[in-house]
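Undergrad: would you be able to build a 3D model of this:
(2 chains)
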Amino acid sequence: MTGVCVKEECRMVQDTTKLVVGDTERCVGCQSCMFACARRLGEAGLAKTCIGVRSAGGMERGFIVVVCRACDDPSCAKACPYSALKPQPGGGVKLDMSRCMGCDHCRKACMIGAIYWDDEGNKPMICSHCGYCGKYCPHGLLKLGIKGDAYAER
Amino acid sequence: MLKDDSLSNILYIDLTKKSFRIEKRPDLFESRIGGSGVAIRLLAEECPQGCDPLGPDNPIVFAVGPLTAMFPLASKTVAMFKSPHTGNLGESHCGGRSSAAIRLAGYGAIVIKGASEIPLYLAIHGSQVFFRDASPLWGMGNSFTVGRIIRENEPGAGVRTIMRIGGAGERLVSYACVTAETYRHFGRLGLGAVFGSKKLKAVVVSGKRSIPVAEKKPYRELYDEIYQLAVTSSVMKKYHDLGTAGNVLPLNELGSLPTRNLQSARFEFAENISGETLAKNYLGRRLACAHCPVGCIHIAALREPYADEAFFYKTSMISYDYEPIFSLGSLLEISEPEGLLKLMEQVEIWGLDAMSTGVIFAWATEAMDRGLISEKDTGGPRFDWGNWQTYAQAVRMIVEPPNEFFRTLARGLDCASAKYGGEEFALTFGGNEMAGYHTGPGAHLGTMIGARHSHLDNAGYAADQKALSTGSIAEPEALVQSLLEEEGWRQILSSLVICFFARGIYTPEMVSRALRVSGLQISQDDFIRTGKEILREKNFFKVREGFSLDNLHFPKRIFELTTPAGDIQEGYLHRAMAEAKREQQ
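TA: Okay, here's the model as predicted:
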C-alpha cells in the first residue's frame, strides 16, 4: 500500500510500535491528521481516512480522537466470520481483502468506533499504524510509540 | 479542466416548495474559480433587481473553492445575499467546518431561495437534502442550546457544519449574524436576518467524499511545503500564539485603538483587555477551523460563582478576537476583562454582529452624553462608558425591543443617527459600522470604497502601516490604486476561499502551483484580470441596486483625532473618492 514503508527494518519497528494518542486536551480540532490519512493514498478529501476527530459534545469541551488502539485481542477480528482480519504482533489487525465480504460485523464489534468504512469498495478501513498522520499533528499528540505510554503520562 | 467535477455541482434549494435540484456548472467554476467569484455571478442571476432583502426572493448563496479539503487554510465559505443592513451587496466569510463540509458533501455552491411558512432547518448530508421542522427551536433564547440540540439530532459528527441563527436573526435585526460551530461567524451585513426572514433556523451540511488530484506525488510535496509554512512561518505565529487579540497593545501604542467612540485612539486600560492579559488569566482552549493547523480561535474560560448559592460555580467558554475586543471593549471604555467577556457572551448568545453592536452602543453612549437621547428614549437604561452591565442588558433589548428607540437600534447605526442625530460621530462607512483601526486615511478610505465595506476588503490599515514605515504618505490617487490592486488580488483569495490570515503563504506563485495540482491552469496574469473582473461584477451589482459613491460621507469624527500618519485631511479623502469614482466608471 502506498505510504507504508516496506523496508525490512521498518517493518520490524512497525511490528512493535503503534500509533499512540497523547493528551487530547491539546487537540485543536484542525483535522490535519484525517486529511493526512487520506493523502497517504494520494487522495484529497476524507473518504479514505481511518482516523476521526470530533468534538466532545460541542467544541468548547475539546475533542475526541477516534483511531484503532491496537487491541491485543481485537474484538473486530473475533467478530469476523471469514477470518479476514488477522491480529498483528503488538496489537491491531491487518485486513485480507480477498477474504472480506463487507459484512460489517467488525465495525459493529468495535466499541470505540475505530473501524471506518469505504463506501465505494464496501470494505472496512482500519488504521495500519504507519504513523503518517503524526507528521501533521501541529501539537504532536499522535506518535508512533510503545502502546500504553501516552496513557501512562496522564 | 478540474480534476474533481463535484465542485461544479450547485445545489439549488427552494424553501417555499421544499424542493431541491442539482445543476452542473463547470464553465462557471473554470472562469470564476469558486467562492466570491462564483457567488457574485449566482447572486446577480438569482437576486431580482430591487428585491426586498427580507423577502422570499432574496437568495442566499454559499460557495467554496477548488483548494478546499485539498490544501490547508482554504477553509472559508463565502456567503452572498442582498444585505438587509445596507440594502445592497451582502458578503460575509466564515470558517469553522463549513467549507470542508460543503465541498465534501459534493457541492461547490448552495443557493437557497424562497421562504418557509413554518420554522425549519435544512440538513444536507451528501446528496440527501432534508427539510426538518424547527418549531421547537424557534424562539429559543440561547444559540448554544440550539447548536446542542441539532448536534444530537443529526449524523455526521466531525465532518459537518451547523450554521444557525440566534434570537437576533429570528427577530430580523439587520446586523444579525449566522454562527457556525459555536464560535465562528458570517458576522457582517446581516445574513442572520435573511435566514430569519425565510424561517430558516439552521443549515447543517455533512460529507466526507474523496477528491481526486491530478498527480499524487506533486500533490503531497506541495502539501508538505504549505503545511510547513503554516506551522513554522513567522507570518502565522501571531495568529496561533495570542491570536488576533495580540493586536490590542501594538495598536494602542501606535495611537490607533478606537476608544470611547473614537474620542481617543489610546485606551488607558488597554493592558487589561489585551491578548496578553486574556491569555494569562482566561485562555481555556484553542481551536482550529477544519483543515487549518494554525488554530487562531481563542476561547476564554470564565469561572463565576452564583450569587445565591455558596460553593456553586459556572464556567463559560467565550470566544475572543481583536474586533470584538475593540468594539465591545475599548470603544465602550470597558476595562474589566470579565465584564468584557460577559458582554461578548451576550452578543454571542443572541447572535448579533459584535462589531456593529459595539459601534452602535458607542454612538448611543456619546449621544446620551450630549443630550441627543435620554432615559426617556431608552425606557430606562442609561449608557455610561465602561458600564458593561447596562450594555449586556441592552443586547437583549435590541433583539426584543421594548420601544421605538431599540427598534431603531436594531436597524443599524445609520438609521439611528438619521433619527436621533449625531451623524458626525456615528462611525459607519458605506452603511456598515467601522472596524478597529484608526491607523490613517487608508483604513477609513479602504472600508468606504471596499465592495462590502469591510476592513478585510483591501486592508487599508496595511497601507497606513506601510506609509508609516517608509515615512511618506502616498498621494490620494496612488493610495486608491494600491487599495484597488489589493482588493483585486483578494478576490482571487476569496474565490479560492483561502483564509486571509494565510495571504503571506498563498502568494500568486503558490496559488498557481496549488491550482495546477487541482487540475486548473491559471496564469498569474490571469489572476490580475480575473480579480478585477470579479470586483467589477460586484460593483455592477451594487450600482444596479442603487449604490453610488456620491452618497457616501465620512463621519466627521475621524478628522478630529490624529492618527500615527498625522491628521486626516478632508480634502485628501475627497480627492481619493474622486479617483475611486473615476475607477468605477
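
Undergrad: tell me the contacts of residue 114?
TA: Going with chain A. A:50, A:66-69, A:126-127 (C-beta atoms under 8 Å, 6 or more residues apart in numbering or on different chains). Any C-beta I mention is one placed from the backbone N, CA and C, and that applies to glycine too.

Undergrad: not quite, go with chain B.
TA: By C-beta under 8 Å, 6+ apart, the contact set of residue B:114 is B:13-17, B:56, B:198.

Undergrad: circling back to that earlier point, lowest-confidence entry in the contacts of residue A:114?
TA: Least confident entry in the contacts of residue A:114, by pLDDT: residue A:69, with 94.

Undergrad: that one: what secondary structure?
TA: The three-state assignment at residue A:69 reads coil, by DSSP: H, G, I helix; E, B strand; the rest coil.

Undergrad: could you measure from it over to residue B:513?
TA: Distance, residue A:69 to residue B:513, by C-beta to C-beta, to the nearest Å: 38 Å.

Undergrad: turn the contacts of residue A:114 into TSV, columns for distance to chain B and neighbour count.
TA: Output for the contacts of residue A:114, formatted as TSV (distance: C-beta to the nearest C-beta, whole Å; neighbours: other C-beta atoms under 10 Å in any protein chain shown):
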residue	distance to chain B	neighbour count
A:50	12	25
A:66	8	21
A:67	12	25
A:68	16	24
A:69	17	20
A:126	16	22
A:127	16	23
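
Undergrad: up against chain B, what does chain A have?
TA: A:2, A:28-32, A:34-35, A:38-39, A:42-49, A:52-55, A:57-60, A:62, A:136, A:138 (C-beta under 8 Å from any C-beta of the partner chain).

Undergrad: burial measure for the closest residue to residue B:129 other than its chain neighbours, as a count.
TA: Nearest residue to residue B:129, sequence neighbours excluded (C-beta to C-beta, 6 or more residues apart in numbering or on different chains): residue B:20, at 4.7 Å. As a burial measure, residue B:20 scores 19 neighbours (other C-beta atoms under 10 Å in any protein chain shown).

Undergrad: in a strand, residue B:304, correct?
TA: Yes - assessed with three-state DSSP, residue B:304 lies in a strand.

Undergrad: any idea how far residue B:282 is from it?
TA: The gap separating residue B:304 from residue B:282 is 12 Å, by C-beta to C-beta.

Undergrad: which residue of the two possesses the greater neighbour count?
TA: A count of neighbours by other C-beta under 10 Å puts residue B:282 above the other of residue B:304 and residue B:282, at 18 against 12.

Undergrad: narrow the residues of chain A next to chain B to those in strands?
TA: Cross-referencing the residues of chain A next to chain B against strands under DSSP state E gives A:44-45, A:52-55.

Undergrad: for the residues of chain A next to chain B, which ChimeraX command selects only the ones that are buried?
TA: In ChimeraX syntax, the buried subset of the residues of chain A next to chain B is picked out as below (16 or more other C-beta atoms under 10 Å in any protein chain shown):
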select /A:28,29,30,31,32,34,35,38,39,42,43,44,45,46,47,48,49,52,53,54,55,59,60,62,136,138
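
Undergrad: narrow the residues of chain A next to chain B to those in helices?
TA: Counted as lying in helices by DSSP state H, out of these, are A:32, A:34-35, A:38-39.

Undergrad: farthest pair within those?
TA: Longest distance between any two of these is 11.2 Å, between A:32 and A:38; criterion C-beta to C-beta.

Undergrad: tell me which element the residue nearest in space to the middle of chain A is part of?
TA: When chain A is reduced to its mean C-alpha position, the nearest residue by C-alpha atoms, centre = their mean turns out to be residue A:127, at 2.8 Å. Using DSSP states H and E, residue A:127 is not contained in any helix or strand.

Undergrad: return the residue of chain A that is most distant from the centre.
TA: Distance to centre of chain A, C-alpha atoms, centre = their mean, peaks at residue A:60 (25.1 Å).

Undergrad: ok, it touching residue B:285?
TA: Yes - between residue A:60 and residue B:285 there is a contact under C-beta atoms under 8 Å: 7.0 Å.

Undergrad: which residues are in contact with both of those two?
TA: Contact criterion C-beta under 8 Å, 6+ apart; residues bridging residue A:60 and residue B:285 by contacting each: B:299, B:317.

Undergrad: low-confidence stretches in chain B?
TA: Along chain B, segments meeting pLDDT under 70 span B:1-4.

Undergrad: just want the most central residue of it.
TA: Note on chain B: the residue nearest the mean C-alpha position is residue B:187, at 4.0 Å, using C-alpha atoms, centre = their mean.

Undergrad: so who does that residue touch?
TA: Taking C-beta under 8 Å, 6+ apart, we find residue B:187 in contact with B:92, B:94, B:177, B:353-355.
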